[in-house]
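S.K.: Need a 3D model of the sequence below.
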Amino acid sequence: MLMRFPKLTDLDAEQMRIYSGAPPTGSVIVVGPPGTGKTVMAFHRAAYLEARGKLQPNKAMVPRVLMYSKVLSTYTAGRDGVAPTVATSTLHKWVYEWWRLMFGRKPPPHCADDAYAFNWTSIVTQVLISSGMLQRRQHWGHLIIDEGQDFPPDMYRALSAISSAMVEEDIDARPAITVFADENQRLSETRNSTIQEIETALSLPEGRRYALKRNYRNTLQIAAFVRHFYVGLPSGIPDLPVRVGTAKPKVVLARSGIEVARRRIALYAKNNPDKDVGVICMADSVRRRCFNSLCTRLAGSNIVVQTYSNKEREEHPPEALKFDCGGSVTVLNAQSAKGLEFDSVFVIDPLVDAGGASLQQARMQLYVTASRPRDYLELILMNPPDDYLNLLPESETYDFIEE
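M.R.: From the prediction side, this is the model:
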C-alpha cells in the first residue's frame, strides 16, 4: 500500500523554497513541527538531488535517506513514485554497512550494553588516520537524515570532521548532510540534539537553515488540542490548519483499564472499516497487552491487527506492517510511532509518567503521539495522576468521557 505522498506539483510555496532553493551541495538543516511534512520533503529533497546529479555528476549529490526507526523506514517504502530508486535505511544500519565497507568489522560501540550507540570519537579518529587509503570508500554521497533530533551531537561532529577532511579539488564534491529535525519531538532526555547543537556540529554557514510551519496533517480541533503540550523549544509550533474535522478529540477516563481501551478501539474499527487506526502505548508492556486483547476482540472480523516492537522484531518484523490501509489497527509503542500518521489514533495511558523531573519529557511525548492522527484522536487514561485535569488543555478543546 502506498504512503499518502504529495507529488512535486502538490508542493506549496513554503515547500518549494526548500525543494529548489536549498543548495544541492554542502550541509543544510530543515526545522519543522509535527505534521509540517518533514518526511515528505526529505524524499523530495532526495529526488531533487538525484535529478541534479544526473545533469551535473557529483558524488556529493548521490542521496541516501536515513531514519531512526525501522517502522518509519517501512512506512516510507511505498512513497507513490517520489524518489523510488533512492536508497533508504535506518541510520544505525547505514553506519554498520559504511564501516564494514571500509574496515570489514563492526563499528566501535559506545558501550557493550547498548548496540545502538556508537563511539563516534573512535570512529572519526580511525577514519582520519586511514583517510588516504580509504578515501574513495568513505565518501557517503549526500545523507538525508530524518528525525535528526534523535541522534547525538557527537555523530554530527564526527561526520562533519570526516567530510571536512576529504581531499577534493572541488569543495562542493565533499560528502554532505541534510537534516530534518524538531527538537520538540526528541525521543529521550539524554541521547539527542538541539537544533543549535546540530548547526554548530555541522558548522552551518548563514542561510543554511530552512523552516516548515504549515500543518498539513491534523484537523483544526486536533491541532488546537495538541498545541497545549508544546514545551516551547526553538523549532516552534505549527500554524493552525484551516481544515475543520467532524469531532473534537476525546479524553476517556478508563476505570476498567485495558478492557475499556480494547472495547472502544474494537468498536471504532468495526464502525469505520475504511480507516487505518493507530494505537500508541506509552509503555511496551501495555502495547503487548493491548495487541493481544485486540486480536481476541477482533477475531473473526475483517480488521487486521498488527504490531511491532524491537523486543519482538522476529515475531512481528517491521517489514510486515501495512500502512495507509483501511480496516487495519496498528499497535505500537511511542518510540516506534515517531514520524507516522494514521486516519485515527488512540493514545493509551499517556499521563502515567507525567510527574516530577520528567514532566517536560512527558509533555513532549504527548505532543508527538497526539499529533499523529489526520482526523480522529482519543486519549485513554488508565492510570492518571490525581492532578491529571491540570495536565490537559482547556476543557472546551475536547470531549470528556468516563467509563
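
S.K.: show me the contacts for Q15.
M.R.: 37, 40-41, 44, 212 (Cβ atoms under 8 Å, 6 or more residues apart in numbering). C-beta coordinates here come from the backbone N, C-alpha and C atoms, glycine included.

S.K.: could you redo the last one with a cut-off of 7 Å?
M.R.: For Q15, the contacting residues are 37, 41, by Cβ atoms under 7 Å, 6 or more residues apart in numbering.

S.K.: Pull out the buried positions in the helix or strand hosting it.
M.R.: For Q15, the host element (DSSP states H and E) is helix 13-21. For helix 13-21, burial by neighbour count (16 or more other Cβ atoms under 10 Å) applies to 14-15, 18.

S.K.: what about the strands in the stretch 251-400 of the chain?
M.R.: 276-281, 304-307, 328-333, 342-348, 373-381, 399-402 (DSSP state E, counting those that start in this stretch).

S.K.: likewise the stretch 51-200 of the chain?
M.R.: Using DSSP E, counting those that start in this stretch, strands in the stretch 51-200 of the chain cover 63-67, 87-90, 109-111, 114-118, 142-145, 176-181.

S.K.: which one of these lies closest to S285?
M.R.: strand 114-118 (20.4 Å; Cβ to Cβ).

S.K.: hmm, who's touching that closest one?
M.R.: 92, 95, 107-111, 191.

S.K.: Show the buried residues in those.
M.R.: 92, 95, 107, 110, 191.

S.K.: Just flag the most distant two among those.
M.R.: The widest separation within the buried ones among the contacts of strand 114-118 (Cβ to Cβ) is 16.1 Å, between P107 and R191.

S.K.: on that earlier part again, just the C-alphas of the helix holding Q15, formatted as CSV.
M.R.: Extracted C-alpha coordinates of helix 13-21, given in CSV (Å, rounded to 0.1, in the frame of the first residue of the first chain):
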residue,chain,number,x,y,z
ALA,A,13,5.5,27.8,-1.9
GLU,A,14,7.0,27.1,1.6
GLN,A,15,8.0,23.6,0.4
MET,A,16,9.2,24.7,-3.0
ARG,A,17,11.6,27.2,-1.3
ILE,A,18,13.3,24.1,0.2
TYR,A,19,13.0,21.9,-2.9
SER,A,20,14.5,24.3,-5.4
GLY,A,21,16.1,26.9,-3.1
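
S.K.: That one: how far from the chain's middle?
M.R.: Mean C-alpha position of helix 13-21 versus that of the full chain (Cα atoms, centre = their mean, to the nearest Å) differs by 21 Å.

S.K.: just stretch 88-106 next, same as before
M.R.: The answer for stretch 88-106 is 21 Å, by Cα atoms, centre = their mean.

S.K.: any idea of the mean pLDDT for that stretch?
M.R.: For stretch 88-106, mean pLDDT rounds to 93.

S.K.: buried residues in the lengthiest helix in the chain?
M.R.: Ranked by number of residues, the top helix in the chain under DSSP state H is helix 38-55. Under the neighbour-count criterion of 16+ other Cβ under 10 Å, helix 38-55 has 38-50, 53 buried.

S.K.: neighbouring contacts of that helix?
M.R.: 5-6, 8, 11, 15, 18-19, 24, 30, 32, 61-63, 65, 76, 79, 82-83, 86, 142, 144, 146, 178, 180, 212, 339.

S.K.: re earlier: just put the buried residues of helix 13-21 in CSV and tack on distance to S344 and pLDDT.
M.R.: What follows is those, written out as CSV (distance: Cβ to Cβ, whole Å; pLDDT from 0 to 100):
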residue, distance to S344, pLDDT
E14, 27, 94
Q15, 26, 95
I18, 30, 96
